[in-house]
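Participant: My questions are about this predicted structure, shown below with the sequence.
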Amino acid sequence: MHHSADGNLGTQQSPGATPGRRRISTGGRDLTSTTPTRPGDVLDADRLAGFFAARGRDLPWRRPTAGGWGVLVSEVMLQQTPVSRVLPVYREWMARWPEPAALAAEPAGEAVRAWGRLGYPRRALRLHAAAVVLVRDHRGAVPTDLDSLRALPGVGEYTARAVAAFAYGQRHPVIDTNVRRVLSRAVRGIDEHGPATAADRAELAALLPVEPRRAATFSAAVMELGALVCTAAGPRCEECPLSERCAWLAAGRPAGPPRRPAQGWHGTDRQVRGAIMAVLRESPSPLPETLLAADRHDPAQWRRCLDSLLADGLAVRDQAGLITLP
């Protein structure tokens, strides 16, 4: 667990306090935290809606004009990638391909080229494949039902639920790492981290407001709370609309299990694959292997990475043996 910058979070029982109620001192401000009897009392839909209206970021995929395609593109781009990196690429992508049919009409390599340095470029291939399926099977529109969404290339359980909720206002539990952190801390009182599970989805589903549009706003608000306030490192509890009833705050913000260190980048296969892809994206014509290998330091690693790009379909070899985007 990483504590906030002040590093002096403490708890003390205030004079005359009722059982289950604690005075929390953080950052020079006292917060009264009451451990609730019901989880639904913690994730108060009205407070979350107020927070989202006041603090929610004005992101293009949250606007009504985004539609199913705009939300789908954003959700695929945001997988393991921060908003700040996604925004410029998303805007260029949507300006060029405002509908699935526009993307499906171009070679898959153009999607990979436009993906730039977002990382994990197989996501670009899957978006292109999804666009082809949307044109072929759904008249060029993103479907509204979960089963059809799940069947699209590159769309898993989370992305399908996110599109259904955020594009179509449906009532589905949408849980990413930010939502799971808020759920774990505020409701369970522990600083747990890791990927979402079926049990997490079931727990969140029971806490969703009944009305579908309100449930969709609730999901977006919890996600935004985790991204802006209930962050992994240095959570700003004094800004949180749930602080009065947060179980983790009431318990004194106990440390959770140690987080796994982030994987390095320099010298990895991911770095080498990215370097090869950068050269291919910038070249208007196919290239011989000798040009792609100009900066290689480890020939075996370079060969392994090029072969993996060819196997993944991110690069292809033409009839002359030259390498290019698909």
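Facilitator: Received, thanks.
Participant: list the contacts for Ala114?
Facilitator: If you count contacts by CB atoms under 8 Å, 6 or more residues apart in numbering, Ala114 has them with Val89, Glu92, Trp93, Arg96, Ala124. (Glycine included, C-beta is placed from N, CA and C.)
Participant: go with 7 Å
Facilitator: When the contact criterion is CB atoms under 7 Å, 6 or more residues apart in numbering, the partners of Ala114 are Glu92, Trp93, Arg96.
Participant: So it belongs to a helix, correct?
Facilitator: Yes. According to DSSP: H, G, I helix; E, B strand; the rest coil, Ala114 belongs to a helix.
Participant: For stretch 83-101, list every residue counted as buried.
Facilitator: Counting neighbours by 16 or more other CB atoms under 10 Å, one finds that the buried residues in stretch 83-101 are Val86, Val89, Tyr90, Trp93, Met94, Trp97, Glu99, Pro100, Ala101.
Participant: possible to save those as TSV with secondary structure?
Facilitator: Rendered in TSV, the data for the buried residues of stretch 83-101 read as follows (three-state DSSP):
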residue	secondary structure
Val86	helix
Val89	helix
Tyr90	helix
Trp93	helix
Met94	helix
Trp97	coil
Glu99	coil
Pro100	helix
Ala101	helix
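Participant: Max pairwise distance over the residues you listed: which two?
Facilitator: Val86 and Ala101 (22.8 Å; CB to CB).
Participant: how near is Ser243 to Glu289?
Facilitator: As for Ser243, its distance to Glu289 is 58 Å (criterion: CB to CB, to the nearest Å).
Participant: what about those two, which has more around it?
Facilitator: Regarding Ser243 and Glu289, a neighbour count based on other CB atoms under 10 Å identifies Ser243 as having more, with 22 against 13.
Participant: My guess is that one contacts Cys230. True?
Facilitator: No. Applying CB atoms under 7 Å, one finds Ser243 not in contact with Cys230, separated by 9.8 Å.
Participant: Distance to His266 for the contacts of Ala114 - can I get that in a markdown table?
Facilitator: Written out in a markdown table, the entries for the contacts of Ala114 read as follows (distance: CB to CB, whole Å):
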| residue | distance to His266 |
| --- | --- |
| Glu92 | 28 |
| Trp93 | 29 |
| Arg96 | 32 |
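Participant: neighbours around Leu208, how many?
Facilitator: 22.
Participant: and the closest residue to it other than its chain neighbours, what does it touch?
Facilitator: Using CB to CB, 6 or more residues apart in numbering and skipping residues adjacent in sequence, the residue nearest Leu208 is Ala215, 4.3 Å away. The contact partners of Ala215, taken as CB under 7 Å, 6+ apart, are Arg171, Leu208, Pro209.
Participant: now with 8 Å?
Facilitator: Residues Ala165, Gln170, Arg171, His172, Leu208, Pro209 are the ones in contact with Ala215 under the rule CB under 8 Å, 6+ apart.
Participant: In helices, which of those fall?
Facilitator: In this view, those that belong to helices under DSSP state H are Ala165.
Participant: how close does the residue nearest to Ala251 when sequence neighbours are not counted get to Ala255?
Facilitator: Nearest residue to Ala251 in three dimensions, chain neighbours excluded: Gly189, at 4.9 Å (CB to CB, 6+ apart). Note on Gly189: its distance to Ala255, by CB to CB, is 12 Å.
Participant: Is Leu291 in contact with Glu282, as I believe?
Facilitator: No. Contact status for Leu291 versus Glu282: not in contact, 11.2 Å apart, counting by CB atoms under 8 Å.
Participant: ok, His172 to Glu203 distance?
Facilitator: 14 Å.
Participant: quick one: which of these two has more around it?
Facilitator: His172 (23 against 18).
Participant: need the helices for the stretch 51-200 of the chain, in chain order.
Facilitator: With DSSP state H, counting those that start in this stretch as the definition, the stretch 51-200 of the chain shows helices at residue ranges 67-77, 83-96, 100-104, 108-115, 122-137, 146-150, 157-168, 177-182, 198-207.
Participant: What's the first helix or strand after the last one?
Facilitator: Once the chain leaves helix 198-207, the next helix or strand it forms, by DSSP states H and E, is helix 212-228.
Participant: elements contacting the helix or strand that comes right after that next one?
Facilitator: Going down the chain from helix 212-228, the next helix or strand is helix 247-250, by DSSP H and E. Other helices and strands packing on helix 247-250, by 3 or more CB pairs under 8 Å, 6 or more residues apart in numbering; DSSP states H and E, are strand 21-26, strand 29-34.
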